[in-house]
Every structure is written in C-alpha cells, then in structure tokens.
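Trainee: Here's a sequence, model it:
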Amino acid sequence: MSHHKVVLLLGSNLGDQKKNLETALDKIKYAENEIVKVSDFLTSEPVEFVSSNIFCNIAAIIFTHLSPIQLLTLIKSIETEMGRANDSSVTGGYTDRIIDIDIVKYNEIKFISERLQIPHQKHLSEREFSRVLLKDFIL
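Mentor: Predicted coordinates:
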C-alpha cells in the first residue's frame, strides 16, 4: 500500500472551534490515515463572506493510502457527520461552518476535476492566514 503525503487546512467558526478541529483530526486518523504534523491554532477573520464569528484554523500533514477523490469523499463525509449542512460548492458562496477541511497539496501532483483542484491555489497564494499556517509545511 502506498502512502501519499497530503497537506490539509482545517477551519471552524461555530461552536467549540478547537474541539471541532481536534474531532475532525481524530476522525481523519480513525479512517486509517497517519497524522504526522499539526500546526498551532491560528484565529482569523472570515474570508470572502461577512460574519461576526472568528475562525480557528490549523494545518496538518497526513499520510494516506487514499486517492485524491477518495480522500475528498472521506473529508466531505466527516464534515457532514460533524454537522456541516451545506458545502460552498452547493450554496455558491461561503457561510459559517462547524468544520471545513481542504486538501491543499497531495504529493506534488496537479489534479483538476469538477469537485477538486490540487494544489489549492487560494490557500497557497491568496489567503494570508493560510500562508501563515503553511509556512513550515510547504517548501
């Protein structure tokens, strides 16, 4: 079984945000993925929508045997299980959320489909909080 190095960004701006992030990481690990590094928590203002709820964010490096689409399916199922009702791709915009998990990098591949784009360019080049979280993760 091959292992793929993946960089994830996780965020929450509803409920007990730190607990939500830790729960999501536990669920990722429980699905037979190895979590090898987790950043410190970072708070940030919402990006691309208005809300009075501040985000708590972390970055994580995992090793997985899942393909990009299988990993996306796992992540979306975790988000749903944790209570996220609508994905931004469904609503057409961003809203407050219990959990958001994004695949930023998957090995060194470039992957584009209707549901997924790797690397995640907004996190790599446009969002300041992402650059802060990822500075020690992506070389």
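
Trainee: Count residues in the vicinity of E108, would you?
Mentor: 8 (other CB atoms under 10 Å). Every residue, glycine included, has its C-beta placed from N, CA and C.

Trainee: for E32, same thing?
Mentor: E32 - counted by other CB under 10 Å - has 11 other residues nearby.

Trainee: Isn't it up against H65?
Mentor: Yes. E32 is within contact range of H65, at 7.1 Å (criterion: CB atoms under 8 Å).

Trainee: residue ranges of the helices in this protein, please?
Mentor: For the chain, the helices defined by DSSP state H occupy 17-30, 68-81, 88-91, 121, 128-134.

Trainee: Out of these, which gets the lowest mean score?
Mentor: Lowest mean pLDDT of the helices of the chain: helix 88-91, a mean of 54.

Trainee: ok so, going back, I'd like to know which of the helices of the chain is closest to E114.
Mentor: helix 88-91 (8.9 Å; CB to CB).

Trainee: hmm, back to that, could the helices of the chain go into a markdown table alongside mean neighbour count?
Mentor: A markdown table is the format used below for the helices of the chain (neighbours: other CB atoms under 10 Å):
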| stretch | mean neighbour count |
| --- | --- |
| helix 17-30 | 17 |
| helix 68-81 | 17 |
| helix 88-91 | 10 |
| helix 121 | 11 |
| helix 128-134 | 18 |
